[in-house]
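quick one: sequence and predicted model below, then my questions.
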Amino acid sequence: MCPRGRPRRAHLAWLHLLAGLALAFPVARGAAEPLVLQPGLTVTSAVHDSVQNKDYEAVEQVLTVDEAGMRVRTQWGIPDQSAPEGVRVQTYEELVRAEDRRAAHRLLLWYLPGDAEVMPGTTPGSPSDALFDDIKSKGEADIVVGAVSRNDGGLFPAAGALLAGRKYFRGRVRLQGRQSVRVLIDGVPAQLDALDVRGHLSVGDDSGDVHFLWLDARELHLSLAATFQGSTAQVVRIDLPPRPPPPDSAAARAGSAGGGGGLQRALASGSCRSEVPGIYFLSDSARLLEASRPSIERLAALLKAEPSWAVTIEGHTDSTGGDAYNLALSQRRADALKAELVQRYGIAATRLSTQGYGRTRPVDTNDTMDGRAHNRRVELARRC
């Protein structure tokens, strides 16, 4: 997976990592009972490009869940020097059929141009009921993995060119044990138990080792990490849908306990500062992704419910890239959120100031993909 004429060791587009989400989420947010899957659940996965020393993210959001299946929208960044800021956004919507979530043994790890909205007989990256049950009960399973081979020259044969073709690798995977995977749940680091599943797959004279870390919960079919032919994609962030606020509360007036309510409480007391949950940017860019819309709407509602508040929007980055570049990127991202609040939602510009801090205020390690994802954030500070 490398642009023609420029070798790369990292694959940049493991963009089909999430899917097959089932009935409930096993990590509760301040409650003992599991949270039922619903529209708005958002999963972010990342791939590290060791040549450019950057993380490229795919943001996948559940749109609908019904008897037919689950509809999902995914947006991710693709390096493209002809695009603004050197990266372009790719968007794909799909319907994962209920019958495929139950029985499919074929997983797709990449979206490709021309892919249909429905890919019968497949799940995108995560195991079906049948595949998960085979691993849990028998310790092994036959599998087919649709992937773009690095042996074919990479996913990006040239900047702006069409993606390379997909191959279907076949073989058997086996349960090797269990591992703990660190993921940000609503911005808070959490350790999730995962099945360690490995095997060797081939098609024709092409082959490669595959390694999955599948969340050890039958209710939620999610691949937390996947490695194929030496390149790894990892889930770094899971943002849960906001819960309805109590009636007649300030959070209700702000629009949501999960976004407006928690933010309102943090800004009204203590340090008058909070991370803004659910804000997603195109990788290496200040372009806001569509998955950010619910969070921005809740933020706008909160600011309208608190008309006396003046706030500073702060942008923060991880440590990849130079100091000057990160400082400028964090400032552009803060400015982009301000422009959205002013132009689309009518918040007075005089109430909003912006400040980019680049890599200077990390809240986590920059040595891991999930730690860097934690450091890439937007915070809001109230003048109080």
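Sure thing, it's come through. Residues are numbered from 1 along each chain as shown.

C-alpha from now on. contacts and neighbour counts both.
OK.

now the farthest one out in this protein, which residue is it?
residue 308 (34.4 Å; C-alpha atoms, centre = their mean).

quick check: that one vs residue 125, distance?
Look at residue 308 and residue 125: by C-alpha to C-alpha, to the nearest Å, they are 47 Å apart.

same thing with residue 379?
32 Å.

more neighbours: which of these two?
Neighbours were counted for residue 379 and for residue 125 using other C-alpha atoms under 10 Å; residue 125 has more, 28 against 17.

could I get the phi/psi values of the more buried one?
Residue 125 has phi and psi values of phi 90, psi -30 when expressed as degrees, to the nearest 10.

ok, and what's touching the longest helix belonging to the chain?
With DSSP state H applied, the helix covering the greatest number of residues in the chain is identified as helix 323-343. Helix 323-343 is contacted by residues 281, 284-288, 296, 300, 313-319, 347-349, 352-359, 378 when judged by C-alpha atoms under 8 Å, 6 or more residues apart in numbering.

can you verify the residue farthest from the centre of the chain is assigned to a strand?
No. Going by DSSP: H, G, I helix; E, B strand; the rest coil, the assignment for residue 308 is coil, not a strand.

which residues in this structure form helices?
Under DSSP H, the chain gives helices at 98-103, 129-138, 250-254, 262-268, 293-305, 323-343, 369-375.

domain assignment for this protein?
24-239, 250-382 (automatic domain parsing).

could those domains be laid out in a markdown table, adding mean pLDDT?
Below are those laid out as a markdown table (pLDDT from 0 to 100):
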| stretch | mean pLDDT |
| --- | --- |
| domain 24-239 | 86 |
| domain 250-382 | 91 |
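
where's residue 55 relative to residue 135, distance?
Relative to residue 135, and taking C-alpha to C-alpha, residue 55 is found at 31 Å.

with just CA atoms, put stretch 320-340 into PDB.
Extracted in PDB, the C-alpha atoms of stretch 320-340 (Å, rounded to 0.1, in the frame of the first residue of the first chain):
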ATOM      1  CA  THR A 320       3.400  13.700  15.300                       C
ATOM      2  CA  GLY A 321       4.600  16.400  12.900                       C
ATOM      3  CA  GLY A 322       6.600  19.500  13.600                       C
ATOM      4  CA  ASP A 323       5.800  22.000  16.400                       C
ATOM      5  CA  ALA A 324       4.900  24.900  14.000                       C
ATOM      6  CA  TYR A 325       2.700  22.700  11.900                       C
ATOM      7  CA  ASN A 326       0.800  21.300  14.900                       C
ATOM      8  CA  LEU A 327       0.300  24.700  16.300                       C
ATOM      9  CA  ALA A 328      -1.100  26.000  13.100                       C
ATOM     10  CA  LEU A 329      -3.300  22.800  12.700                       C
ATOM     11  CA  SER A 330      -4.700  23.100  16.200                       C
ATOM     12  CA  GLN A 331      -5.500  26.800  15.600                       C
ATOM     13  CA  ARG A 332      -7.300  26.000  12.300                       C
ATOM     14  CA  ARG A 333      -9.400  23.400  14.000                       C
ATOM     15  CA  ALA A 334     -10.400  25.700  16.800                       C
ATOM     16  CA  ASP A 335     -11.300  28.400  14.200                       C
ATOM     17  CA  ALA A 336     -13.300  25.900  12.100                       C
ATOM     18  CA  LEU A 337     -15.500  25.000  15.100                       C
ATOM     19  CA  LYS A 338     -16.000  28.600  15.900                       C
ATOM     20  CA  ALA A 339     -17.000  29.400  12.200                       C
ATOM     21  CA  GLU A 340     -19.500  26.500  12.300                       C
END
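
please consider this matter closed, and thank you.
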